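> Mind looking at a prediction? Sequence and model below.
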Amino acid sequence: MRAHVDQRQAQVRALVRARGSVRVTDLALELGISPVTLRRDIEAMAARGEIHRMHGVISRVERPHPLTGATRGGPAGAPERPATQGGEGLVVGMVVPTTEYYYADVVRGARAVVEARGARLTVGLTRYLPGEDRTQADRLLSTGADGLLLTPNWDTGSPGPGEGAWTAELPVPTVLVERWAPPGHPAAALDRVGSDHAHGAARAVRHLVDSGHRRIALACQETPTTARLRAGYEAAVDALGLEPAPPWPQLAGDPPSVADRFARALDYLCEAVTTGGVTAALIHSDTDAIMLIPRLQARGVRVPEDLAVITYDDEVAGLADVPLTAVAPAKREVGARAAELLLDRLASGAAKAGAGAGARAGAGATEEPPRQHLELLPRLTIRP
């Protein structure tokens, strides 16, 4: 019996050494054993320090980097990659919901900076699935990421009650991207880079006021951007002394389908124009605006004669039948600045570790730079 257990655990060690990391469920299928049996083996092996276990994934035990002390990936016996001031040899993990639409440019900006400094970018996708952000972060760490650019699946752009504390407990430098945490939350102490969506919404309202509109609506679905858009919109309406638009309708019961949400936006805008005195609207997102406009016109609301429209995101606003003025978050710059901040943080950590011996000898310690919260202002792209 003991020989059988030893043989099975030897198989596990060999597979983990060869692959770096593996999901427990996949490994149980491959070995033809039950998950319960495999978990017992994993517990025993982890207790002996032979493997590392975390959230449904097991990985090989890494050797500490001689400068930073951080664990590094690579086959057993492979030479360590030296960390340099420019970032050469480092691996940056990036967890994002998708590499399409909005985040395509965010990833491009990060990749350009990472590769320019001699590092490598690896990406994990969450597709907004619950818990997948943490799973992808763990996977990237298990395969050797030295630091993380992280966009957690927080529905409102910031963590809800009891949510997200794990982001502050990661063992490597981490920068939040297009996410924020309120004061007092553990993640508020992380570096972060994002767009000032409140400013973007307020900028759109100001432009519409300058064009002569006094009652302006906001139509947006519930996304991680919505809370900040609404805050900026409401602040601008108040600061500019505008007449309030009809309130955005709330749907009761179960979460509405995409079709229900779209129908709500269409009904709201039609009623806001015909009975609410609204003459302009900020619509999030571009795709919603492009789909809404012909339907508004089919119901007798002319765009822009009856309703001037500004969209938010500026991904496809210029491709509409009549190109639309849009607020454009600096997506590529957000990715680039986040990558620069993370690589600088990694470089400062290596420099601090390298200066440790001198500091102990009286040469003085190298202090860690202060954490940073950067918000980039969106641009307004005006189209005739």
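Great, that's in hand. Residues are numbered from 1 along each chain as shown.
> For the rest of this, base every contact and every neighbour count on C-alpha atoms.
OK.
> check contacts around the residue nearest the centre of the chain.
What sits nearest the mean C-alpha location of the chain, by CA atoms, centre = their mean, is residue 151, with 1.9 Å. Contacts for residue 151 were tallied using CA atoms under 8 Å, 6 or more residues apart in numbering; they are 95-97, 133, 176-179.
> Next, residue 22: secondary structure please.
Assigned with DSSP: H, G, I helix; E, B strand; the rest coil, residue 22 falls in the strand class.
> State the number of residues packed around it.
21 (other CA atoms under 10 Å).
> Surely it and residue 52 touch.
No: the pair formed by residue 22 and residue 52 falls short of the contact definition of CA atoms under 8 Å, at 10.8 Å.
> Which residues are in contact with each of those two?
Residues touching both residue 22 and residue 52 (CA under 8 Å, 6+ apart) are 58-59.
> Could you work out the most separated pair of the contacts of residue 151?
With distances taken as CA to CA, the most widely separated pair in those is 133 and 178, at 14.0 Å.
> Return the subset of the contacts of residue 151 lying in strands.
Counted as lying in strands by DSSP state E, out of these, are 95-96, 176-177.
> Kindly reformat those residues as a markdown table containing neighbour count.
Formatted as a markdown table, these follow (neighbours: other CA atoms under 10 Å):
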| residue | neighbour count |
| --- | --- |
| 95 | 27 |
| 96 | 26 |
| 176 | 25 |
| 177 | 26 |
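> so who does the residue nearest to residue 273 when sequence neighbours are not counted touch?
In space, not counting the residues next to it along the chain, residue 273 is nearest to residue 279; the distance is 6.3 Å by CA to CA, 6 or more residues apart in numbering. Residue 279 makes contact with 213-216, 273, 306-308, according to CA under 8 Å, 6+ apart.
> I'd say residue 122 and residue 107 touch.
No: checked against CA under 8 Å, the pair residue 122 and residue 107 is beyond contact range at 10.2 Å.
> Compare the two (neighbour count), which wins?
residue 107 (26 against 15).
> my read: the more buried one touches residue 99, true?
Yes: with contact defined as CA under 8 Å, residue 107 reaches residue 99; the gap is 6.9 Å.
> Pull up the overlap in contacts between the two.
Here residue 107 and residue 99 have no joint contacts, going by CA under 8 Å, 6+ apart.
> sorry, back to before: now flag whichever of the contacts of residue 279 is closest to residue 234.
residue 216 (10.4 Å).
> number of nearby residues for that closest one?
Applying other CA under 10 Å, I find that residue 216 has 26 neighbouring residues.
> gap between it and residue 231?
For residue 216, the distance to residue 231 (CA to CA, to the nearest Å) stands at 14 Å.
> Provide the contact partners of the longest helix seen in the chain at residue level.
Criterion DSSP state H: the longest helix present in the chain is helix 331-354. In this structure, residues lying in contact with helix 331-354 by CA under 8 Å, 6+ apart are 67-68, 83-87, 102-103, 105-114, 146-149, 173-178, 191-195, 365-369, 376.
> Mark which of these are part of strands, please.
147-149, 174-177, 191-195, 376.
> Rebuild those residues as JSON lines, extending it with distance to residue 236.
Below are these laid out as JSON lines (distance: CA to CA, whole Å):
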{"residue": "147", "distance to residue 236": "38"}
{"residue": "148", "distance to residue 236": "35"}
{"residue": "149", "distance to residue 236": "32"}
{"residue": "174", "distance to residue 236": "33"}
{"residue": "175", "distance to residue 236": "30"}
{"residue": "176", "distance to residue 236": "27"}
{"residue": "177", "distance to residue 236": "25"}
{"residue": "191", "distance to residue 236": "28"}
{"residue": "192", "distance to residue 236": "25"}
{"residue": "193", "distance to residue 236": "23"}
{"residue": "194", "distance to residue 236": "20"}
{"residue": "195", "distance to residue 236": "17"}
{"residue": "376", "distance to residue 236": "18"}
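> quick one: which of these is nearest to residue 128?
Of all the ones in strands among the contacts of helix 331-354, residue 177 has the smallest distance to residue 128: 14.7 Å, by CA to CA.
> okay, now residue 197: neighbour count?
28.
> Read off the pLDDT value for it.
Listed pLDDT for residue 197 reads 97.
> looking at it, it is touching residue 232, isn't it?
Yes: using CA under 8 Å, residue 197 is in contact with residue 232, at 7.3 Å.
> so what's residue 111 up against?
Per CA under 8 Å, 6+ apart, neighbours of residue 111: 120-121, 335-336, 339.
> Let's see that with 7 Å instead.
Applying CA atoms under 7 Å, 6 or more residues apart in numbering, we find residue 111 in contact with residue 121.
> what's the pLDDT at it?
95.
> Same check on residue 67?
pLDDT for residue 67: 35.
> Same check on the one 4 residues further on?
The model reports residue 71 with a pLDDT of 46.
> now do the one 10 residues further on
At residue 81, the pLDDT value in this model is 40.
> what does the one 10 residues further on give?
The model reports residue 91 with a pLDDT of 95.
> I figured it hits residue 118, correct?
No: applying CA atoms under 7 Å as the test, residue 91 and residue 118 come out as separate, 9.5 Å apart.
> out of those two, which sits in the more crowded spot?
Applying other CA under 10 Å to residue 91 and residue 118 shows that residue 91 carries more neighbours, namely 27 against 14.
> and that one, backbone torsions?
For residue 91, the backbone dihedrals (degrees, to the nearest 10) come out as phi -120, psi 120.
> Enumerate every residue touching it.
By CA under 7 Å, 6+ apart, the residues touching residue 91 are 119-121, 144-146.
> how about those, which pair is most distant?
Among the contacts of residue 91, 119 and 144 lie farthest apart (CA to CA), at 12.4 Å.
> the helices in the chain, which residues?
Going by DSSP H, the chain shows helices at 2-19, 24-31, 35-47, 102-116, 132-142, 197-210, 226-239, 258-274, 286-298, 331-354, 356-358.
> same for the second one, what does it pack against?
With contacts defined as 3 or more CA pairs under 7 Å, 6 or more residues apart in numbering; DSSP states H and E, helix 24-31 has these neighbours: helix 35-47.
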